[in-house]
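*Asks:* Structure for the following, please:
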Amino acid sequence: MEIQGIVEEIIFKNEENGYTIASVDHDMELLIVVGFMPTIKEGEMMRFIGEPTFHKTYGEQFKVSSCEVIEPTEVKSIQKYLGSGIIKGIGPSLAERIVEKFSEDTMDIIRYNPNKLLEIPGIGKNKLDQIVKSYAETRAMSDVVMFLQKYDVSLAYATRIYNSFKSKTIEKVTENPYILAEEIKGIGFKMADGIAKTMGVDKDSPYRIYSGIKHVMTLITQQGHTYSYEDDLIKEASEILVVNRDVIKTELTELIIKGDLYRTKFEDRDVIYLINYYNAELSVCKKISKLTYSQVEIINVEVDKEIDYCEKNGNITLADQQKEAISQSITQGVMVITGGPGTGKTTIINSIIDIFERQNLKVLLAAPTGRAAKRMSEATEHESKTIHRLLEYQFSDAGFLAFNKNAENPLVADLIIIDEASMLDILLMNNLLEAISYGTRMIFVGDIDQLPAVGAGNVLSDLINSGIIKTVALTEIFRQAQESMIVTNAHRINTGQMPIVNEKGKDFYFIKQKTPNGVIDTIVNLCKDRLPNYYKFDSLKDIQVLSPMKNSPAGVLNLNQCLQYALNPPMKDKPEKTFGDTTFREGDKVMQIKNNYNIKWKARYSYEKGEGVFNGDIGYIHEVNLNRKMLLVVFDDDREVEYEFGQLDELVLSYAVTVHKSQGSEFPVVVMPLYNVPMMLKNKNILYTAITRAKELVVLVGTEIQLNGMIQNISHARRNSGLIHMFKIIEEAFKEK
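*Replies:* Here you go, the predicted structure:
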């Protein structure tokens, strides 16, 4: 339905996406309107299209799907409109004088003949320029929104588009609608293609082919590949764009000439890169090779004596493989230490840190995620940072996010240790290496049997398989670790064997359930009653449900709703805020799902303050303040972070999270559903990664068929990565020298 009215008050507005809550004077009644309304301002007469809704907390509302400004035509309305401050430079008294002079023609004068405003006392040249500019900006955004709505672009996206292109929006989009896919976050090729089709753009348009090819290449990198074989790319692009392959070939060549794509050859097959991925892989290969072969400063220590000291001082006995890793860290420029759970990686790291620090050498520790960095700090009792934080990722003087540590401003350290290196993608690896000075030692520690990085590349595996970097593979499981069925079963699964389960007094259980309701009810019961009552685990802080998938009955989305209702049900005295499809309630367990380097936090029990909450950080909602329109989350039992309601897209419920999101984390208890797992997620790596997140207890719930299916599927998708090819070329060049 359609309503009209004057905007009395803007109650809330997210300037980034235009989501607004406002009160409108409609037929002498105040009505609350909600939705994406980027152009709305107090005092404006507006037309809203949408539908009435009822909110359980706020009552009757009008949910807006589209809106437009209606310029006032009556003298009284014009004066009220101008006097509201909508146009900068015009206040109530000046509005009265303008309307007194021009009456019903006032708006036409401002739009078409603004110089006549100089006839009004108090309006000079500077004031006129201010009024004209402000009115033009107000009209421009309104015109852009109306233009884009003709092509079914939502108000939320219209705001993003206008914020990027400003007054040139209509011109740019009309010339090339595919610019939206390339420059506006969240607008993909399909949306831009739909707009272009509505505008009548030919399907063979070069703009469309260019954008379509880059779209396919982006999809390929999202699958973890850094390049595509050229014939595969042409075939896929031809099918998606529904155009002849010869057309694709022609425009592909143009993109290569322009420098957006790069063509090279691997094993007599042409491959195509997005240029930034090619540059990243080439740069990583060159830097790793130079760090490996460059002279590192000799540390004048007797290795055997240092190892003896570490054993005596730490009251430990090091295995031969551990001793080798420690010894190599002293002589090598770059090395990799890899091994599964219980193989002593942390003991090695602590020993290496001890040796280097006793020689007054500076050691820096880092990991790809906040959770992994926190674990590293706890295990080593030394500060560890995310790689982004280590490289000082922040807004540059030009106003965009960039790494402050780079080739011109490198990290100062004698040794840098990167933990959970399996999570490194090629772009992050490149940024890290750019900030490393020659002569600095690098140690990468990780488990290659875990899931690969979310981003493109196969960095850790390629470093190991390149053959030019010293790698110490830890295979011996220590006696204390052997007592854990979690460790034992992780290694059994890794070798294709079924786990040993349900042994009395052990820490690995499997509960058979053959129906989705049976799986869900069992998991809820485990989290709410059985594990807390029998083992004294805390339902929220100790137990983490990990699912391979998001959707399906046993997926994260459904499990979160079921667990929220069971563990933190709605109550009259417990405030909550609904955002999209999620209700956030005081007491809820939540996860940050994107890196926010600028959000402020303060410690609850000290005067410490800081900035930054990172993808994967888990916290608990301490307060939902409906009056202040904010939500307070406590991370790590100490850091308080305030989220405005408009920022809630950064949070999700985390009673259950995907296995991918759990990488780098560790939990006392892991509960995992094994029911109807999609084929692309039914593999050994996901199961292995999930159970190795647990410190004290694992409980699997589902069917033996699903469990066996995951263990036997060892053929997780192979990633196209060029690092090894490039290493071979560089290695040959070094040999020639």
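
*Asks:* any idea how far Ala325 lies from Ile349?
*Replies:* 9 Å (C-beta to C-beta, to the nearest Å). (C-beta placed from N, C-alpha, C; glycine too.)

*Asks:* okay, those two: which has more neighbours?
*Replies:* When Ala325 and Ile349 are compared for neighbours, Ala325 comes out ahead with 30 against 24, by other C-beta atoms under 10 Å.

*Asks:* Run a quick check on that one versus Val472, I expect a contact.
*Replies:* Yes. Counting by C-beta atoms under 8 Å, Val472 is a contact partner of Ala325 at 4.2 Å.

*Asks:* and for the two, which residues touch both?
*Replies:* Shared contacts of Ala325 and Val472 (C-beta atoms under 8 Å, 6 or more residues apart in numbering): Met335, Ile337.

*Asks:* okay, which residue is most central for this structure?
*Replies:* Nearest to the geometric centre of the chain sits Lys594, at 3.8 Å (C-alpha atoms, centre = their mean).

*Asks:* Just give the number of residues close to Tyr151.
*Replies:* 16.

*Asks:* Just give me the neighbour total for Tyr293.
*Replies:* Tyr293 - counted by other C-beta under 10 Å - has 15 other residues nearby.

*Asks:* Is it in contact with Lys287, as I believe?
*Replies:* No. With contact defined as C-beta under 8 Å, Tyr293 does not count as touching Lys287 (11.2 Å).

*Asks:* Share the number of residues neighbouring Ile711, please.
*Replies:* Neighbour tally, Ile711, other C-beta under 10 Å: 21.

*Asks:* Three-state assignment for it, please.
*Replies:* Of the three states, Ile711 takes helix according to DSSP: H, G, I helix; E, B strand; the rest coil.

*Asks:* do the same with Val33
*Replies:* Secondary structure of Val33, per three-state DSSP, is strand.

*Asks:* what about the strands in the stretch 101-250 of the chain?
*Replies:* Ranges of strands in the stretch 101-250 of the chain, per DSSP state E, counting those that start in this stretch, are 228-229.

*Asks:* so where do the helices sit in it?
*Replies:* Taking DSSP state H, counting those that start in this stretch as the criterion, the stretch 101-250 of the chain carries its helices at 106-112, 125-149, 155-165, 169-175, 179-183, 189-199, 206-222, 230-241, 245-258.

*Asks:* Including mean neighbour count, could those helices go into JSON lines?
*Replies:* Converted to JSON lines, these look like this (neighbours: other C-beta atoms under 10 Å):
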{"stretch": "helix 106-112", "mean neighbour count": "16"}
{"stretch": "helix 125-149", "mean neighbour count": "17"}
{"stretch": "helix 155-165", "mean neighbour count": "21"}
{"stretch": "helix 169-175", "mean neighbour count": "15"}
{"stretch": "helix 179-183", "mean neighbour count": "19"}
{"stretch": "helix 189-199", "mean neighbour count": "18"}
{"stretch": "helix 206-222", "mean neighbour count": "20"}
{"stretch": "helix 230-241", "mean neighbour count": "18"}
{"stretch": "helix 245-258", "mean neighbour count": "15"}
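
*Asks:* Gln394: which of those is closest?
*Replies:* Counting by C-beta to C-beta, Gln394 lies closest to helix 155-165 out of the helices of the stretch 101-250 of the chain; the figure is 21.1 Å.

*Asks:* outside of that closest one, which residues touch it?
*Replies:* 16-19, 35-38, 64, 66-67, 140-141, 144-145, 148-149, 153, 169, 172-173, 180, 183-187, 191.

*Asks:* what is the mean pLDDT for that helix?
*Replies:* The average pLDDT for helix 155-165 rounds to 79.

*Asks:* hey, C-alpha coordinates of that helix in PDB?
*Replies:* This file holds the C-alpha atoms of helix 155-165, laid out as PDB (Å, rounded to 0.1, in the frame of the first residue of the first chain):
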ATOM      1  CA  LEU A 155      17.300   1.200  -1.300                       C
ATOM      2  CA  ALA A 156      20.200  -0.400   0.600                       C
ATOM      3  CA  TYR A 157      22.200  -0.900  -2.600                       C
ATOM      4  CA  ALA A 158      21.200   2.400  -3.900                       C
ATOM      5  CA  THR A 159      22.800   4.000  -0.900                       C
ATOM      6  CA  ARG A 160      26.100   2.200  -1.500                       C
ATOM      7  CA  ILE A 161      26.000   3.100  -5.200                       C
ATOM      8  CA  TYR A 162      25.400   6.800  -4.500                       C
ATOM      9  CA  ASN A 163      28.000   6.900  -1.800                       C
ATOM     10  CA  SER A 164      30.600   5.600  -4.300                       C
ATOM     11  CA  PHE A 165      29.700   7.700  -7.400                       C
END
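
*Asks:* pull the helix or strand with minimum mean pLDDT from this structure.
*Replies:* Least confident helix or strand, the chain: helix 479-482 with a mean of 68, by mean pLDDT, DSSP states H and E.

*Asks:* C-terminal to that helix, what's the next element?
*Replies:* helix 485-494 (DSSP states H and E).

*Asks:* Name the residues of that following helix that come out as buried.
*Replies:* Residues of helix 485-494 classed as buried: Met485, Ile486, Val487, Thr488, Asn489, Ala490, His491, Ile493, Asn494 (neighbour count, 16 or more other C-beta atoms under 10 Å).

*Asks:* Show me what that helix packs onto, helices and strands only.
*Replies:* strand 508-512, helix 684-691, strand 694-702 (3 or more C-beta pairs under 8 Å, 6 or more residues apart in numbering; DSSP states H and E).

*Asks:* Which of these sits closest to Gly344?
*Replies:* The nearest among the helices and strands packed on helix 485-494, by C-beta to C-beta, is strand 694-702 at 16.0 Å.

*Asks:* Now do the closest one, average pLDDT.
*Replies:* On average, strand 694-702 scores 96.

*Asks:* Could you check how far it is from the centre of its chain?
*Replies:* Relative to the chain's own centre, strand 694-702 is displaced by 27 Å; criterion: C-alpha atoms, centre = their mean, to the nearest Å.

*Asks:* Give the other helices and strands that that strand contacts.
*Replies:* Checking 3+ C-beta pairs under 8 Å, 6+ apart, strand 694-702 ends up next to helix 485-494, strand 508-512, helix 516-525, helix 531-535, strand 667-674.

*Asks:* angle of it against helix 485-494?
*Replies:* With axes from the mean of the first three to the mean of the last three C-alpha atoms, to 10 degrees applied, the angle from strand 694-702 to helix 485-494 works out at 60 degrees.

*Asks:* Just want the angle from strand 694-702 to helix 516-525.
*Replies:* Using the same axes, to 10 degrees: strand 694-702 against helix 516-525 is 150 degrees.

*Asks:* what residues does strand 694-702 touch?
*Replies:* For strand 694-702, using C-beta under 8 Å, 6+ apart, the contacting residues are 485-486, 489, 501, 507-513, 519, 522-523, 526, 531, 535, 537, 554, 666-675, 691, 707.
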